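[1] What shape does this take:
(one chain, ligands or ions: 1)
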Amino acid sequence: MATTDQAICIRTADYSETSQVVRLLTRGGGVVRLLAKGSKRPRSKSGGRIDLFAEGRCVFGGAGREGLGTLMEFAETTTHAGLRADLDRLHTALYMLELCGALLAEDDPHPEVFDLLHNALGRLAQPDSAPPAVLAYFQYRLLRHAGLLGAMDACVACGAKVSLGGVYFSSSAGGLLCRGCEAAEPEKYAVSPAALAGLAALAAAQAGRRPTFPQKQAHAVNDLLIYHIEYQLGKRLRTARYVRQAK
Ligand SMILES: [Zn+2]
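    Numbering: from 1, shown residues only. Here you go, the predicted structure:
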C-alpha cells in the first residue's frame, strides 16, 4: 500500500551507481528510510537525485517496522536554496537535520517536529535571519516536544527559583540546580547569565513566535542544549562543533 505525505530529506547515502537510500522526515509518519531506485538517473520516476533539505510531496510503499521501503515519487516543492548562501546557514541547517535523525525513532509520527523543521529551515534560508537565534528556538522547542527539556526555571532538586550566579544544569538530574543543590550532583554544566537570560526569553515566547535576543544569549543557550543533547544521546553530534562558531 502506498503512502502519500509531505517530507523533508534529512539524510542521503549512495546505494548503487544509480540509486540512493534516503531518510525522510514525513509529516504524518515520522522518519522513514527508503530506497530511491534509479534516483541518480537524470530522468528517473522518483524525480531525480534527492538532496539534503529537499522538501516536497512523496509517495512511498513498504516502509514500516524498521524496514527499507521504496520511494516511488518525490515532487520537490522547495529546495531551501538560501541555506547554501553561506556556511553558517548551511552548518546550522545540517545540524538541525542531524538532530532530528538522532532524536526521532523511525516510523514514529511527530507532525509538530516536521512543522518546526519546515519553519526553521525556511527562516534560516532568509538572508536577514540570525542562525544562532533560529537554532536556539529550534533546539528549545524540539527538546520540549520530546519531553527532554527539563526544569529550566527553577531548581530541579529543591524547586527554588534560580538566581544569577552559581547556577548549574545537570542533564542526568533533568534541569537547573541552584547554588545550594549543585554540590551533590557530579554531572553538571555551569550556566552563564547569558544562557539564563536566553532561556527566560524562550520560555516567555508564545508558540510560533520566535523571540529576538542577542547573539551572545543565543550561543549560550545553544551550547547548553548541545551539552544536554549529547549527554542524553551518549555520543557527540558530528555537526555540533560547526554551529558553535556560527554567526
Ligand atoms: Zn536547589
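[2] and the lengthiest strand in the chain, which strands flank it?
    Among the segments of the chain that qualify as a strand by DSSP state E, the longest is strand 2-14. Counting by DSSP bridges, the strands paired with strand 2-14 are strand 20-26 (antiparallel), strand 55-61 (antiparallel).
[3] mind checking which of the ones you listed is nearest Ala204?
    Closest approach to Ala204 among the strands paired with strand 2-14 (Cβ to Cβ): strand 20-26, 28.4 Å. Yep, even glycine has a C-beta here, placed from its N, CA and C like the rest.
[4] And the chain, what are its domain boundaries?
    2-79, 84-104+131-243 (automatic domain parsing).
[5] I'd like the distance from the shortest one to the chain centre, please.
    Read it as domain 2-79. The chain centroid and the centroid of domain 2-79 are separated by 19 Å under Cα atoms, centre = their mean, to the nearest Å.
[6] can you tell which of the strands paired with strand 2-14 is closest to the ion?
    Comparing the strands paired with strand 2-14 by their distance to the ion (Cβ to the ion), the top pick is strand 20-26, with 37.7 Å.
[7] sorry, back to before: need the strands paired with strand 2-14 in a markdown table with distance to Leu99 and mean neighbour count, can you?
    As requested, the strands paired with strand 2-14 are exported to a markdown table (distance: least, Cβ to Cβ, whole Å; neighbours: other Cβ atoms under 10 Å):
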| stretch | distance to Leu99 | mean neighbour count |
| --- | --- | --- |
| strand 20-26 | 11 | 24 |
| strand 55-61 | 17 | 19 |
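[8] Dump those strands into a markdown table; add mean pLDDT as well.
    Formatted as a markdown table, these follow (pLDDT from 0 to 100):
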| stretch | mean pLDDT |
| --- | --- |
| strand 20-26 | 96 |
| strand 55-61 | 96 |
